[in-house]
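Student: sequence first, predicted model second:
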Amino acid sequence: MSKGHIGGILVTAVIATSALFGVPLPSAFAEPCPDSEVVFARGTGEPPGMGEIGQAFVDKLRSRVGGSVGSYAVNYPASDDWPTGVDGIRDAGAHVVSMAEQCPDTKMVLGGYSQGAAVMGFVTSDAVPMGIDPATVPRPLQPEVADHVAAVVLFGAPNARAMNFLHEPPVVVGPLYADKTIQLCVPNDAVCSDGLDFALHTALAYVNGVVDQGVDFAAGRL
């Protein structure tokens, strides 16, 4: 039996054993850490994945910055049942912490659209909102995690009026993230501005032009 054949058998055995017992693969088998990564939470009603705005944002950012740009789609229902948004806060926060530990040189860009923007805003919060039982929500991120986040880009984040209508606490970006955050809202969008036009709170309204503003901001921070 050749050395190459034996080596192939050993590699297969290592992978199979890892899968069977849940043992992490050695670094030689792991995906390389990207230079930067976009962690994005899609809006209400969008199918699982990055969402239309999130994907457009990633694609345009990749064309603007050098090096590798990874992406992570926050795993949460993105449904009309807004309390389930806490699932997104938990998933996004856990991923950000994991990346900070496993890929410390990777600069992250946190982003979200509509409900996803609220989710990501809460991820940055330094305190549990008033009136919320701390035992029911994820703990705020440790301060040192902020050093691994280059930018936060929120599209159509629900304002206090909208969150109050939904019986949810207002979104407050934490002080360690405030200077690296941009909140983008189409004028008169009823969800994020003082306007009353709900028709402007659509992916189409944001993909055409507004995404470019977010890309400019993120690229400048990377």
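Tutor: That came in fine, so what should we check first?
Student: ok, how many other residues are close to residue 55?
Tutor: Neighbour count for residue 55, taken as other C-beta atoms under 10 Å: 18. C-beta: built from backbone N, CA, C; applies to glycine.
Student: show me what contacts it?
Tutor: By C-beta atoms under 8 Å, 6 or more residues apart in numbering, the contact set of residue 55 is residue 49.
Student: now do it against residue 152, distance only.
Tutor: Applying C-beta to C-beta, to the nearest Å, the value for residue 55 to residue 152 is 18 Å.
Student: relative to residue 155, how far out is the closest residue to residue 196 other than its chain neighbours?
Tutor: If you skip the residues right next to it in sequence, residue 196 has residue 190 as its closest partner in space, 5.0 Å away by C-beta to C-beta, 6 or more residues apart in numbering. Counting by C-beta to C-beta, the gap from residue 190 to residue 155 is 15 Å.
Student: next one: residue 82
Tutor: Taken as C-beta to C-beta, the spacing of residue 82 relative to residue 155 amounts to 17 Å.
Student: looking at those two, which is more packed in?
Tutor: Comparing residue 82 with residue 155 by neighbour count (other C-beta under 10 Å), the higher total belongs to residue 155, at 33 against 17.
Student: ok, that one - contacts?
Tutor: Contact criterion C-beta under 8 Å, 6+ apart gives 53, 111, 112, 113, 114, 117, 184, 185, 206, 210, 211, 214 as the residues in contact with residue 155.
Student: same check on residue 95?
Tutor: Going by C-beta under 8 Å, 6+ apart, residue 95 touches 39, 72, 74.
Student: same deal with residue 111?
Tutor: Residue 111 neighbours (C-beta under 8 Å, 6+ apart): 38-41, 54, 57, 117, 120, 152-155, 214, 218.
Student: kindly recompute the last result at 7 Å.
Tutor: For residue 111, the set of contacting residues under the criterion of C-beta atoms under 7 Å, 6 or more residues apart in numbering consists of 38, 40, 54, 57, 120, 153, 154.
Student: and the first one, what does it touch?
Tutor: So that's residue 38. Residues counted as contacts of residue 38 (C-beta under 7 Å, 6+ apart) are 57, 58, 61, 69, 71, 109, 111.
Student: in helices, which of those residues fall?
Tutor: Within the contacts of residue 38, membership in helices is found for 57, 58, 61, as judged by DSSP state H.
Student: kind regards, and thank you for your time.
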